[in-house]
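Novice: Turn this into a structure:
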Amino acid sequence: MTDHDAVAAPRRRNWALPAALAGALLLGLSTGGTYATLWQREAAVSNTHLQAGALGVVATGTPVWRDGLGVIDPATYPVRPGDTLTVEQAYQITREGTNLNVEPTLTLGEPLPAGVTATYTLSVDAGAPTEPTAVGSPSDILSSGIGADVLPVTAVVTLTIGGTAAAGGSAAVEIPEIALEVQQVRAGAGYTS
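Specialist: Model (predicted):
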């Protein structure tokens, strides 16, 4: 046999295993490199106790009734058509919190008798009164700062007795219970969200 006639031993091709390992290595580097660049850090914050605010209202003193001439006793006062009476009641509004703006509303326990109309004003800390507001409608918003405060508020209710309410003075006019309601609102001067 000649050199040219020699049959070469078949060469094994073991390239499949190294190629698979190289591919896995490249895949691992590409994904591992991505995860290696994403850092994670953690910082803990201790437990925090949030204190709830407070809102309250209480009537102070006794109501003072007046007609155009002075103080009256409503139990013995003879009401006549066209009379205008006022009742003044002091309240104390207590607010505790931040951005605790209050919308006060003077309400009645039940509807007024036919022919009787009522409006009210509020004055805070003996200041100027608000514009007259219909009973049952909210008054101006009382703005708050930070912390706690107690607002002395005076409500003056003006009752006008119409011609049908006390015709000839023979009928009694029942005025229902008067109450000041307060609620927090998210509006008004100084409010920030």
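
Novice: From now on I want contacts and neighbour counts done on CA atoms only, so please keep to that.
Specialist: Will do.

Novice: Helices along the chain, start to end?
Specialist: Along the chain, counting by DSSP state H, helices occupy 16-37.

Novice: Any regions of it where pLDDT drops low?
Specialist: Within the chain, the set of residues satisfying pLDDT under 70 comprises 1-40, 49-52, 144-148, 163-172, 188-193.

Novice: ok, which stretches of it are strands?
Specialist: Secondary structure of the chain (DSSP state E): strands located at 54-66, 71-72, 84-96, 101-108, 116-124, 133-134, 148-161, 178-185.

Novice: Switch these over to CSV; also include mean neighbour count.
Specialist: Listed next are those as CSV, based on neighbours: other CA atoms under 10 Å:
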stretch, mean neighbour count
strand 54-66, 14
strand 71-72, 14
strand 84-96, 19
strand 101-108, 21
strand 116-124, 20
strand 133-134, 18
strand 148-161, 19
strand 178-185, 17
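
Novice: could I get those strands as TSV with distance to A43?
Specialist: Formatted as TSV, the strands of the chain follow (distance: least, CA to CA, whole Å):
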stretch	distance to A43
strand 54-66	33
strand 71-72	68
strand 84-96	33
strand 101-108	36
strand 116-124	48
strand 133-134	54
strand 148-161	34
strand 178-185	36
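
Novice: Which of those sits closest to L142?
Specialist: Closest to L142 of the strands of the chain, according to CA to CA: strand 101-108, at 5.0 Å.

Novice: Which elements pack onto that closest one?
Specialist: Strand 101-108 sits against strand 178-185, with contacts defined as 3 or more CA pairs under 8 Å, 6 or more residues apart in numbering; DSSP states H and E.

Novice: Which elements pack onto the strand it packs on?
Specialist: Using 3+ CA pairs under 8 Å, 6+ apart: strand 178-185 touches strand 54-66, strand 101-108.

Novice: Alright, calling it a day.
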